[in-house]
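Peer 1: Need the 3D shape of this:
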Amino acid sequence: MTDAVSDVTLHLEFDTSHTKVVLRTVQKYRSELVQLAARFRTGGQLGPVAVMIEIDDLLSRLDAIGSWPDPQGVVWAPELRDLVVSSIQDAETARKELEAPGTQERLAESDVPSVLGDNWTASLTEFQKRDIAKLLSLRHGANFSVPGAGKTRVGLAVYAAMKERGEVRRLMVVSPKSAYESWLYESGACFSHRPRPMLLESARDQWAELLIVNYERLDRSLPFLAAWLKEAPSMIILDEAHRMKLGARGTYGAACMTLGPLAKRRLILTGTPAPNGAKDLENLLGFVWPGYGQRSVSQAIAGGDLAYASSALRPLFTRTTKQELDLPPLEPVVVPVRMPPLHEEIYRALVGDLSARAEAAADDFAAFGKSALRLLMAATNPALLLEGSSRYEPVEYQLPPLDIPQGGSLYELLKDLPSYELSPKYWETAKIVAANAALGRKTLVWTTFVRSLTSLAKLLENFGPAVVHGGTADREEQLRRFREDPHCMVLVSNPATLGEGISLHQVCHDAVYVDRDFMAGRYLQSLDRIHRLGLSPDTETRVTVLAAEETVDEVVADRLQQKLDFMARVLDDPSVQQLADLQEAPPIAGGMDPLDIQATLKHIGKR
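Peer 2: Sure thing, here's the model as predicted:
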């Protein structure tokens, strides 16, 4: 790379937002620039002699720049040159670690506390110290420990060590909004002088040391976030990094891939990096090691041997297994529920209607996904199929129920279904909550649909329910009530809202799943809200999964297990079959992938 400014035929520099790279040439090389841009996935023309490319795209295809016909005329802007040199060095570090694991100099686990600085005050488990030591031996890294292993604390410890070394001065955390509470709490608990925090959606604070932003805000805040990373040497942590598993093909992933290279140190945290296939793992390691990470994963899984892939890639990540947490056992119990006559008749009618259109709908993933959601609703409570006056309106039940009238159309009976039949899943849930409350045990009730959630809250009003969904304005107050109010014996929520970042294991040891969808990660993350590090060895954690017999519930159960089995092979860790934290859901209703759709079609075809 030359710094010469005379006879420049290709000049590369950041754009004004620091999120893309601009390549400029002279008129003589105009056609060569067009050909060069075509070699990049994101190459776009800015003008007759200028193109723009995304940062991660450039770093992944640096060899293309080497093909420029006048290599002596290539000039890199200094800060971009530094980034490229750093990326090449990072790739070399990763290559050496993969080719000769364990040969890099590594900190002894016993020495970890001494490198965290005087400001660090938190205790660390032996497996946390082991993970920290390995992550500090790599310039960048990945922590694939199971949920509840304390990945937040490990990430903060790595930052503390890097700050003590003088390599970084600030930390950006990208996380789900539900994890804000954990990062704010841990940053206060781990340091005697807490790093000054700032949430991106709050007022700007020029003195902030810890910036926390959620994935949804990344794309529209890229210029500010890029500038923040560049103002001072920074570290970036992606928490629940599976949310950007689509890589550059997804909105979250593209934003992360843009910001990653601007940080001096990159770290990803997720318990399950490949919920739906090896491509997920490739994209995650592509963020950690741009260019090289993606190629390494591709090569490792090329033969289809997932156990080999796990072994080959293990030098690039650290992982604490569920067994190492030494938690009391957790074995979810599936309770089959028989649908009452009218309920079953409506479900069968819906399946028959779908059967007539299934093949056509299957070509449209979005349309089929919505149809599958209707099946899930019908298996839980057919009354949910009819819209209420609002998306939050609970279903009002007649108790005791009226006799089902003879005659009349099925649709008319559906409209009045709550007068004739109570959802058997709701009835079973109410019995479990009542029994737990009698023993002084609080219960966490999960259901996918918001109207199902509010309907259950209405049905359980004698137990002072706390309710949290996407539209809950006083979320913190609801959680406080559940944790502290002795009269609040039940919390009703959905995994999409409360599946990540919240710890309830101090006060709750019982959970009921009224229904589940195909989003394996949300289900497994939600399980971990009450089963995580810190539980007393004699704690009994009880989880009940309700499944309507001979319905799509059984399809969901089979598909979730298959996804867990896949991850068990990738990470060579059977414990993932019990708990993990999969997923950014596919952009299909219910989180369905093509195999989920095939399984659902098969279920429909049996009718």
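Peer 1: Point me to the helix or strand that includes the closest residue to Ala50 other than its chain neighbours.
Peer 2: Distance criterion CB to CB, 6 or more residues apart in numbering; nearest residue to Ala50, sequence neighbours excluded, is Arg24 at 4.7 Å. Placement of C-beta: from N, CA and C, glycine included. Using DSSP states H and E, Arg24 maps to strand 20-25.
Peer 1: Check Leu413 too.
Peer 2: helix 410-415.
Peer 1: quick one on the thing from earlier: pretty sure the residue nearest to Ala50 contacts Pro48?
Peer 2: No. Using CB atoms under 8 Å as the test, Arg24 is too far from Pro48 to be in contact (10.4 Å).
Peer 1: picking up where we left off before, parallel or antiparallel, which strands does the strand holding Arg24 pair with?
Peer 2: strand 10-14 (antiparallel), strand 50-54 (antiparallel) (DSSP bridges).
Peer 1: I'd like the average pLDDT over it.
Peer 2: Per-region confidence: strand 20-25 scores 95 on mean pLDDT.
Peer 1: Run through who's touching it.
Peer 2: The contact list for strand 20-25 (CB atoms under 8 Å, 6 or more residues apart in numbering) reads 9-15, 32-33, 36-37, 46, 49-55, 58, 80, 258.
Peer 1: hmm, try it at 7 Å
Peer 2: Contacts to strand 20-25, defined as CB atoms under 7 Å, 6 or more residues apart in numbering, come from residues 9-15, 33, 46, 49-55, 58, 80.
Peer 1: Which strands or helices does the helix holding Leu413 pack on?
Peer 2: helix 341-362 (3 or more CB pairs under 7 Å, 6 or more residues apart in numbering; DSSP states H and E).
Peer 1: hang on, the earlier thing: can you give me the angle the helix or strand just after the strand holding Arg24 makes with strand 50-54?
Peer 2: Note on strand 20-25: by DSSP H and E, the next helix or strand toward the C-terminus is helix 30-38. Counting by axes from the mean of the first three to the mean of the last three CA atoms, to 10 degrees, helix 30-38 lies at 10 degrees to strand 50-54.
Peer 1: Mind listing what's buried along helix 30-38?
Peer 2: 32-33, 36-37 (16 or more other CB atoms under 10 Å).
Peer 1: For those residues, please prepare a markdown table with the additional fields distance to Ala383.
Peer 2: Formatted as a markdown table, the buried residues of helix 30-38 follow (distance: CB to CB, whole Å):
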| residue | distance to Ala383 |
| --- | --- |
| Glu32 | 66 |
| Leu33 | 62 |
| Leu36 | 60 |
| Ala37 | 56 |
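Peer 1: what's Gln398 in contact with, if anything?
Peer 2: 418-419.
Peer 1: quick one, phi psi at it?
Peer 2: Note on Gln398: its backbone torsions stand at phi -90, psi 120 [degrees, to the nearest 10].
Peer 1: Kindly spell out which helices and strands sit in contact with the helix or strand containing Trp183.
Peer 2: For Trp183, the host element (DSSP H and E) is helix 180-190. Contact here means 3+ CB pairs under 7 Å, 6+ apart; on that basis helix 180-190 packs against helix 151-165, strand 197-199, strand 210-214.
Peer 1: need those in TSV with mean neighbour count, can you?
Peer 2: Putting the helices and strands packed on helix 180-190 into TSV (neighbours: other CB atoms under 10 Å) gives the following:
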stretch	mean neighbour count
helix 151-165	22
strand 197-199	19
strand 210-214	22
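Peer 1: Export the ones you listed to TSV and append columns for distance to Phe449 and mean pLDDT.
Peer 2: Supplementary listing: the helices and strands packed on helix 180-190 in TSV, determined by distance: least, CB to CB, whole Å; pLDDT from 0 to 100:
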stretch	distance to Phe449	mean pLDDT
helix 151-165	30	97
strand 197-199	29	96
strand 210-214	23	97
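Peer 1: residues contacting the spatially closest residue to Leu200 that is not a sequence neighbour?
Peer 2: Setting aside the residues directly before and after it, Leu200 is nearest to Val213 in space (CB to CB, 6+ apart), at 4.0 Å. Residues in contact with Val213, defined by CB under 7 Å, 6+ apart, are 174, 200, 221, 225.
Peer 1: is it true that the second one touches Ser221?
Peer 2: Yes. Contact between Leu200 and Ser221 holds when scored by CB atoms under 7 Å: they sit 6.2 Å apart.
Peer 1: which of the contacts of strand 20-25 count as buried?
Peer 2: 9-14, 33, 49-55, 58, 80.
Peer 1: follow-up on the earlier one: for the strands paired with strand 20-25, give me CSV that also has distance to Ser123 and mean pLDDT.
Peer 2: What follows is these, written out as CSV (distance: least, CB to CB, whole Å; pLDDT from 0 to 100):
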stretch, distance to Ser123, mean pLDDT
strand 10-14, 42, 95
strand 50-54, 42, 94
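Peer 1: quick one, which of the helices and strands packed on helix 180-190 is nearest to Ala142?
Peer 2: helix 151-165 (10.4 Å; CB to CB).
Peer 1: Residues touching the closest one, excluding its own?
Peer 2: In contact with helix 151-165 (CB under 7 Å, 6+ apart) are residues 115-117, 120, 122, 124, 128, 131-132, 135-136, 143, 145, 168-169, 171, 182-183, 186-187, 190, 235, 237, 265, 267, 269.
Peer 1: Next step: those residues restricted to helices.
Peer 2: 128, 131-132, 135-136, 182-183, 186-187, 190 (DSSP state H).
Peer 1: I'd like to know which of the residues you listed are buried.
Peer 2: Judged by 16+ other CB under 10 Å, buried ones among the ones in helices among the contacts of helix 151-165: 128, 131-132, 135-136, 182-183, 186-187, 190.
Peer 1: now, the most widely separated pair of those?
Peer 2: Leu136 and Ser182 (22.2 Å).
Peer 1: How about Ser67: what's its closest non-neighbour residue?
Peer 2: Leu36 (7.4 Å).
Peer 1: out of the contacts of Val213, who's nearest Arg481?
Peer 2: Distances from Arg481 to the contacts of Val213, taken by CB to CB, are shortest for Leu200, at 28.0 Å.
Peer 1: need the contact list for that closest one.
Peer 2: Leu200 touches 211-213, 217, 221, counting by CB under 7 Å, 6+ apart.
Peer 1: could I get those as JSON lines with distance to Arg153?
Peer 2: Shown next, in JSON lines, are the contacts of Leu200 (distance: CB to CB, whole Å):
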{"residue": "Leu211", "distance to Arg153": "19"}
{"residue": "Ile212", "distance to Arg153": "16"}
{"residue": "Val213", "distance to Arg153": "20"}
{"residue": "Arg217", "distance to Arg153": "25"}
{"residue": "Ser221", "distance to Arg153": "27"}
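Peer 1: can I assume Val174 sits in a strand?
Peer 2: Yes. Assessed by DSSP: H, G, I helix; E, B strand; the rest coil, Val174 belongs to a strand.
Peer 1: Got the confidence number for it?
Peer 2: Predicted confidence (pLDDT) for Val174: 97.
Peer 1: Name the nearest residue to it, sequence neighbours excluded.
Peer 2: Leu238 (5.1 Å).
Peer 1: give me every residue that touches that neighbour.
Peer 2: Counted by CB under 7 Å, 6+ apart, Leu238 has contacts 174, 244, 256, 268-269, 287.
Peer 1: so Pro418 touches Tyr397, yeah?
Peer 2: Yes. Here Pro418 reaches Tyr397: they are 4.7 Å apart, a contact under CB under 7 Å.
Peer 1: Helix or strand for Thr600, just tell me which one.
Peer 2: Applying DSSP H and E, one finds Thr600 within helix 594-605.
Peer 1: CA atoms only for that helix, dumped as PDB, please.
Peer 2: What follows is helix 594-605, C-alpha atoms only, in PDB (Å, rounded to 0.1, in the frame of the first residue of the first chain):
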ATOM      1  CA  PRO A 594     -38.700 -24.800   4.500                       C
ATOM      2  CA  LEU A 595     -38.500 -28.000   6.600                       C
ATOM      3  CA  ASP A 596     -41.100 -26.700   9.000                       C
ATOM      4  CA  ILE A 597     -43.400 -26.000   6.100                       C
ATOM      5  CA  GLN A 598     -42.800 -29.500   4.800                       C
ATOM      6  CA  ALA A 599     -43.600 -31.000   8.200                       C
ATOM      7  CA  THR A 600     -46.800 -28.900   8.500                       C
ATOM      8  CA  LEU A 601     -47.900 -29.900   5.000                       C
ATOM      9  CA  LYS A 602     -47.400 -33.600   5.900                       C
ATOM     10  CA  HIS A 603     -49.600 -33.000   9.000                       C
ATOM     11  CA  ILE A 604     -52.300 -31.400   6.900                       C
ATOM     12  CA  GLY A 605     -52.100 -34.100   4.300                       C
END
